[in-house]
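Enquirer: Dropping a prediction and its sequence here:
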Amino acid sequence: MDLNLVRVFLAVSETRSLTAAAARLYVTQPAVSQALARLRRELDDPLFVREGRLMVPTPLAESIAPGFRDAIAAIDRTLDGVHGFDPAASDRTFRIALSELGEIGWLPAIVRAVRAKAPMMRIEVVPMNVRELPEWLGRGTVDLAVTPSPVPGRFEKVVLKSQGYGVVMSTKHPLATGKLGLEAYANANHVVVASDSGASAIDQALHRAGIAIEPRIASNHFAALPPLIAASTDLVATMPDTIAEGWAQTWPLVVRALPFDMPAIDVSLYRRSTTQHTAALDWLFATVAHAIRGSSGRFQVIHGDAP
């Protein structure tokens, strides 16, 4: 079998589009259609069926895609071992999905590490959307993603950090001193952040504790929390404790331990499963992982006037 046919198959499988596949392979759309027709004849299967604007894989296509993907990745890595990847000469653009906190805390370390070896490489940050992440990584819409939320699918990942959670409130809040009990926590006025990628883990822990909370305020951004909570005597928020403790250094805030059991959450770096630019992605994956592991984060940049 012509290996170019396998590359066309993977491009269509990952993009679900003949046009997008042609753009990825730097060929015309008729060339992709012709290659797909040859592959259909060789495998005696339609492989992809058009549904609206998408090319949806058949059961056979779904079953052979992982094997084809692994084979092409192995071939590309072998060739890359011969030719080598030079980050200093790379001007590729890579897209990294980060939450708001990830962008605030880790983007400076990521950019510094990448630019030290690959000054011409371009990094584009994509706002995190946990529900879309499996499709993004599967199609190559993003190259990497940092999240505490488990991502279903065959995606390579490494655990970067283990993050605990706590309850942050104003130093003037009635619950700021004394024991924070489960009932008092449940009856407090809660603020939540819609973009919190750890929200599902919090909900699961609350369910196990037998309580549910009805948020009084839902914010779009974590950056709004320090001034909002510091100016209030009745609001609390459940959030990563190390970040809250950093904010408490310059804001009149206090961080209390959770009154229920919640295991620390693993923050992981995921990489896309698509096959393009394998050597460059290998380098970026390792570089970003090393940068985040070696960084304590810069979450304190959202600060108040130091006392």
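Expert: Perfect, thanks for sending it. Residues are numbered from 1 along each chain as shown.
Enquirer: Now do the helices in this structure.
Expert: 3-15, 18-25, 29-43, 59-83, 100-117, 133-139, 182-187, 199-209, 225-230, 241-247, 278-293 (DSSP state H).
Enquirer: Which one of those helices has the poorest average confidence?
Expert: Mean pLDDT is lowest for helix 59-83 among these, at a mean of 81.
Enquirer: Just the buried positions in that one, please.
Expert: Ala61, Ile64, Ala65, Phe68, Arg69, Ile72, Ala73, Asp76, Asp80 (16 or more other Cβ atoms under 10 Å). Every C-beta, even on glycine, is put in place using the N, C-alpha and C of the backbone.
Enquirer: Equivalent analysis for stretch 228-243, please.
Expert: For stretch 228-243, using 16+ other Cβ under 10 Å, the buried residues are Ile229, Ala230, Ser232, Leu235, Val236, Ala237, Thr238, Met239, Pro240, Asp241, Thr242, Ile243.
Enquirer: measure the second one to Asn220 for me?
Expert: Think Ala230. Applying Cβ to Cβ, to the nearest Å, the value for Ala230 to Asn220 is 18 Å.
Enquirer: Restrict stretch 246-259 to CA atoms and write it as CSV.
Expert: Provided in CSV are the C-alpha atoms of stretch 246-259 (Å, rounded to 0.1, in the frame of the first residue of the first chain):
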residue,chain,number,x,y,z
GLY,A,246,-0.6,33.5,47.4
TRP,A,247,-3.4,36.1,47.1
ALA,A,248,-3.8,36.2,50.9
GLN,A,249,-0.3,37.7,51.1
THR,A,250,-1.5,41.0,49.6
TRP,A,251,-5.3,40.8,50.0
PRO,A,252,-7.2,40.8,53.3
LEU,A,253,-8.1,37.1,52.8
VAL,A,254,-7.8,33.9,54.8
VAL,A,255,-7.8,30.3,53.5
ARG,A,256,-9.5,27.6,55.5
ALA,A,257,-9.2,23.9,55.1
LEU,A,258,-12.2,22.1,53.4
PRO,A,259,-14.6,20.7,56.0
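Enquirer: Same question for that stretch: list its buried residues.
Expert: Gly246, Trp247, Ala248, Thr250, Trp251, Pro252, Leu253, Val254, Val255, Arg256, Leu258, Pro259.
Enquirer: same thing with stretch 155-164?
Expert: Phe155, Lys157, Leu160, Lys161, Gln163.
Enquirer: Check stretch 183-194 too.
Expert: Tyr185, Ala186, Ala188, Asn189, His190, Val191, Val192, Val193.
Enquirer: which among these gets closest to Ala118?
Expert: Val193 (32.8 Å; Cβ to Cβ).
Enquirer: which ones are touching that closest one?
Expert: Glu100, Ala199, Ala218, Ser219, Asn220, His221, Phe222, Leu225, Ala237, Met239 (Cβ atoms under 8 Å, 6 or more residues apart in numbering).
Enquirer: out of those residues, which are buried?
Expert: Of those, these count as buried by 16+ other Cβ under 10 Å: Glu100, Ala199, Ser219, Phe222, Leu225, Ala237, Met239.
Enquirer: Can I get the residues you listed in TSV including distance to Ser13?
Expert: Putting the buried ones among the contacts of Val193 into TSV (distance: Cβ to Cβ, whole Å) gives the following:
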residue	distance to Ser13
Glu100	32
Ala199	32
Ser219	39
Phe222	37
Leu225	42
Ala237	42
Met239	39
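Enquirer: ok, the residues you listed vs His207, which is closest?
Expert: Looking across the buried ones among the contacts of Val193 and measuring by Cβ to Cβ, the closest to His207 is Ala199, at 12.5 Å.
Enquirer: Quick check: the closest one vs Arg122, distance?
Expert: 31 Å.
Enquirer: and what of Leu206?
Expert: Counting by Cβ to Cβ, the gap from Leu206 to Arg122 is 41 Å.
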